[in-house]
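1. sequence and computational prediction follow.
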Amino acid sequence: MTAEPMSVAPDGGSCAEVTIVLDRKKASVSQVTGETLLESARRAGMSPPFSCEAGNCGTCIAKLTEGTASMRVNDALDDDEVADGYVLTCQAVPETDRVVVTYDE
């Protein structure tokens, strides 16, 4: 089964995207339904930090600077961090058509 982009432009191209900033480099990829921000970063050819991939350790923390995402599990961030826009990228799935996340903050 192939994952599908979240939304499609009238010309058939994807218009929903995830932009990742890591080590002062930026990459963008089309959103894929159900894909986490960590998975999107890997698909973009980046090597983001991660460890448990279960939402427990906090190694994959990054800050959303545009758009919103929901976390499936969050056992590492406190409410203040979430309120400031931080997410666990291994658990965060985009909720908006455009999401920008930075590991560099």
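-> Cool, got the structure.
2. where does the residue nearest to residue 56 when sequence neighbours are not counted land on pLDDT?
-> Computed as CB to CB, 6 or more residues apart in numbering, the closest residue to residue 56 that is not its neighbour in sequence is residue 75, at 4.7 Å. Where C-beta positions appear, they are placed from N, C-alpha and C, glycine not excepted. Note on residue 75: pLDDT of 97.
3. double-check residue 75 against residue 55; I have them as touching.
-> Yes: Residue 75 is within contact range of residue 55, at 5.4 Å (criterion: CB atoms under 8 Å).
4. the more surrounded of those two?
-> Neighbours of residue 75 and residue 55, each counted by other CB atoms under 10 Å, are more numerous for residue 55; the result is 18 against 13.
5. ok, and what's touching the lengthiest helix in the chain?
-> In the chain, assigned by DSSP state H, the helix with the most residues is helix 37-43. For helix 37-43, the surrounding residues in contact (CB atoms under 8 Å, 6 or more residues apart in numbering) are 18, 20, 22, 27, 29, 31-32, 35, 48, 50, 53, 60, 62, 69, 87, 89-90, 92-94, 99, 101.
6. weed out the non-buried ones from these.
-> 18, 20, 22, 29, 31-32, 35, 48, 50, 53, 60, 62, 69, 87, 89-90, 92-94, 99, 101 (16 or more other CB atoms under 10 Å).
7. ok, back up a step: show the subsequent helix or strand relative to the longest helix of the chain.
-> Sequence order places strand 61-66 as the next helix or strand after helix 37-43, per DSSP states H and E.
8. pLDDT below threshold where in the protein?
-> In the predicted model, the chain carries pLDDT under 70 at residues 1-15.
9. give me the residue at the spatial middle of it.
-> The centre of the chain sits closest to residue 37, judged by CA atoms, centre = their mean, with a distance of 2.2 Å.
10. off-centre distance for stretch 44-62?
-> 10 Å (CA atoms, centre = their mean, to the nearest Å).
11. how about stretch 88-105?
-> 3 Å.
12. CA atoms only for it - export them in CSV, please.
-> Written as CSV, here are the backbone C-alpha positions of stretch 88-105 (Å, rounded to 0.1, in the frame of the first residue of the first chain):
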residue,chain,number,x,y,z
LEU,A,88,8.2,15.2,19.7
THR,A,89,8.8,14.7,16.0
CYS,A,90,8.6,10.9,16.3
GLN,A,91,5.0,11.3,17.4
ALA,A,92,3.9,14.5,15.8
VAL,A,93,1.6,14.3,12.7
PRO,A,94,0.7,17.5,10.8
GLU,A,95,-2.8,18.9,11.2
THR,A,96,-2.4,21.8,8.7
ASP,A,97,-1.4,21.8,5.0
ARG,A,98,1.9,23.6,5.8
VAL,A,99,4.1,22.7,8.7
VAL,A,100,7.6,24.1,9.4
VAL,A,101,9.6,22.5,12.2
THR,A,102,13.1,23.4,13.3
TYR,A,103,15.5,21.3,15.3
ASP,A,104,17.9,24.3,15.5
GLU,A,105,16.2,26.2,18.4
